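**Student:** here is the input, now give the coordinates:
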Amino acid sequence: MTQLTVAQVKEKLNDDELSAHELAVFKEDSRKGVQQLMKRYDKEIKQKQELKRQYEMMMTFEENLFHRGFTDVAGIDEAGRGPIAGPVVAGAVILPRDYYLEGLNDSKKLSLKSREAYFDRIKADADWGIGIVTNEEIDQINIYQATKLAMQRAVENLSGQPEHLLIDAMELDAIRSPQTKLIKGDERSVSIAAASVIAKVTRDRMMAELDEQYPVYQFRNNQGYGTKPHVEALKAYGPSPVHRKTFAPVKDLL
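**Tutor:** Residues are numbered from 1 along each chain as shown. Model (predicted):
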């Protein structure tokens, strides 16, 4: 067999139809360039195996529910409980059965670029809903109740009716579906992780839009959290209409 060039070997290693025989031949190839390619290939395979193992671990709650006869399992999570401005946003996601999205994890563990990519994939592949509760509503009913309301709205905005809810550290009294409250659920369930991505990206985009209206507070950079530049702007210009008036230090400046 004619020996492939190093560039051709590289192309082959990226081919989904790479055979076991070809892989064995490349491993025996003594050329330095090919050995470097094989070292990188082995590393990538190990990373993929680790991501698959992590995903399967985060499917434990869903799989248990599937075995108990539930089909449509919704993960629910929120973004924006801690900021002093802007809405609280919740996401609800029902992933397809036997679905696999490599690297899906808690939105806080993903880069901005990855979150945006997962956001598009989840919206294309899954049933998803978004719930939004404004800063005015938060001031009226408090952030705890507002978070529950945002989650309820996200579930109501799903296309289908979930048979069971997996919720990050919360219970929804207003929804009759059976539910499981999971502490740190966005790290333990792929459905909740998917919901965290939907909530986080949606809210970040809303805060970027509010940044256009109220640039002195730099909402695009701080997402409404009380960073030092944000608080300094608050003291200099006073609260905007989108600040939470029941939250310190906003309430101290009214």
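**Student:** need phi/psi at Ala90.
**Tutor:** Per-residue torsions, Ala90: phi -120, psi 150 (degrees, to the nearest 10).
**Student:** residues contacting it?
**Tutor:** Contact partners of Ala90, counting by Cβ atoms under 8 Å, 6 or more residues apart in numbering, are 76-79, 130-132, 147, 150-151, 153-154, 195, 199. Every residue, glycine included, has its C-beta placed from N, CA and C.
**Student:** repeat that for 6 Å
**Tutor:** Ala90 makes contact with 78, 131, 150-151, 154, 199 under the criterion Cβ atoms under 6 Å, 6 or more residues apart in numbering.
**Student:** again, but for Leu95
**Tutor:** So Leu95 contacts 126, 191, 194 (Cβ under 6 Å, 6+ apart).
**Student:** Val93 is in contact with the first one, correct?
**Tutor:** In this case it means Ala126. Yes. Ala126 lies in contact with Val93 (Cβ atoms under 6 Å); the separation is 5.2 Å.
**Student:** so which of those two has more stuff around it?
**Tutor:** Ranked by neighbour count (other Cβ atoms under 10 Å), Ala126 and Val93 place Val93 first, with 30 against 22.
**Student:** got the contact list for the more buried one?
**Tutor:** 75, 126, 128, 191, 194-195.
**Student:** can I get those in TSV with secondary structure, pLDDT and distance to Gly103?
**Tutor:** What follows is the contacts of Val93, written out as TSV (DSSP: H, G, I helix; E, B strand; the rest coil; pLDDT from 0 to 100; distance: Cβ to Cβ, whole Å):
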residue	secondary structure	pLDDT	distance to Gly103
Gly75	strand	97	16
Ala126	coil	97	16
Trp128	strand	98	18
Ser191	helix	97	15
Ala194	helix	97	12
Ala195	helix	97	16
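**Student:** got a winner among those residues for most neighbours?
**Tutor:** Ala195 (36 neighbours).
**Student:** tell me, how many residues neighbour Thr5?
**Tutor:** Thr5: 12 surrounding residues under other Cβ under 10 Å.
**Student:** kindly provide the distance from it to Asp29.
**Tutor:** With distances taken as Cβ to Cβ, to the nearest Å, Thr5 is found 11 Å from Asp29.
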